[in-house]
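coordinates only, sequence not included:
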């Protein structure tokens, strides 16, 4: 794979992932959305299907990592580091692009988040906080516990992804992407409750940057004091998964 193919594949695939993921969070969160209050199960499946669409699209070009933790885990296991930076750059660009696209899809709903002075559109109620549409927010703010949650959940993602390569025919048939998508759904349902399961530094950091600059009325804080946790935790988890796989398999 050339650097150009990897970059383009990761940009497109990660953008699709975030478009689906931020999109389902917007659908469930924002007023005047037909899916409002649909619940956590809908969010978990939305993110899983985002992985499915993004990874299948990117796979022919880049292998469809879409996640710095996955890229790091593979590099730790194989010892091949020369293209890691290309993957990371593509993933960050794609994550920001996907966040912008999700904002554009729900542009009218974001504008109607609260009624603006001199208009008759929007709600007179308190504005809906918007950061959770783009990035993760812990239910209980405890940096040690939050970091542990993200680390363990990322090991639970990356270690099976590495092990799937041992299953004969899984990659060649294309079924591996489907299985990984279901794995992401399972992690969301089982381990996502405490922090919102970033398990992907680009998935959290890229959209958080976009949220900071988007002109969303009454959008609230981008919570940069917490932003390091969903970056550091998944990176630790990805590296640990690579080490465990290298030692055990």
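Here it is on my side, so go on. The model shown is predicted, which means the values in this text are computed figures rather than measured ones.

Run through the protein and note the low-pLDDT ranges.
For the chain, the stretches flagged by pLDDT under 70 are 115-125, 166-174.

the helices in it, which residues?
For the chain, applying DSSP state H gives helices covering 3-29, 40-62, 68-78, 84-105, 107-111, 131-134, 143-164, 170-173, 175-191, 201-213, 229-248.

Relative to the whole chain's centre, how far out is the fifth one?
Centroid separation between helix 107-111 and its chain, computed with CA atoms, centre = their mean, to the nearest Å, is 22 Å.

residues in contact with it?
26, 30-33, 103, 121-122, 130, 216-217 (CB atoms under 8 Å, 6 or more residues apart in numbering). In this view, the C-beta of every residue, glycine as well, is placed from N, C-alpha and C.

mind checking the end-to-end distance for stretch 214-226?
19 Å (CA to CA, to the nearest Å).

can you list contacts of that stretch?
Contacts of stretch 214-226 (CB under 8 Å, 6+ apart): 100, 103, 110-111, 113-114, 116, 122, 127, 129-131, 135, 137-138, 141, 143, 146, 208, 211-212.

Tell me the buried residues within the residues you listed.
Buried members of those, counted by 16 or more other CB atoms under 10 Å: 100, 103, 110-111, 113, 122, 127, 130-131, 135, 138, 146, 208, 211-212.

Give me the spatial nearest neighbour of the spatially most central residue of the chain, chain neighbours excluded.
For the chain, the residue sitting closest to the mean C-alpha position, by CA atoms, centre = their mean, is residue 203 at 3.3 Å. Excluding the flanking residues, the one nearest residue 203 by CB to CB, 6 or more residues apart in numbering is residue 95, at 6.0 Å.

Surely that neighbour touches residue 14?
Yes - Residue 95 lies in contact with residue 14 (CB atoms under 8 Å); the separation is 5.2 Å.

what's near enough to touch the residue nearest to residue 203?
Counting by CB under 8 Å, 6+ apart, residue 95 touches 14-15, 17-18, 202-203, 205-207.

rewinding a little: ok, which pair from the buried ones among the contacts of stretch 214-226 is furthest apart?
122 and 146 (33.6 Å; CB to CB).

ok, now which ones touch residue 46?
So residue 46 contacts 20-21, 23-25, 27 (CB under 8 Å, 6+ apart).

Compute the distance between residue 10 and residue 64, please.
Separation of residue 10 from residue 64 (CB to CB, to the nearest Å): 8 Å.

Comparing these two, which residue is more hemmed in?
A count of neighbours by other CB atoms under 10 Å puts residue 10 above the other of residue 10 and residue 64, at 32 against 24.

That one contacts residue 67, correct?
No - contact criterion CB under 8 Å: residue 10 and residue 67 do not qualify, at 9.5 Å.

which residues are in contact with both of the two?
residue 91.

isn't residue 81 right next to residue 74, touching?
No - between residue 81 and residue 74 there is no contact under CB under 8 Å: 10.0 Å.
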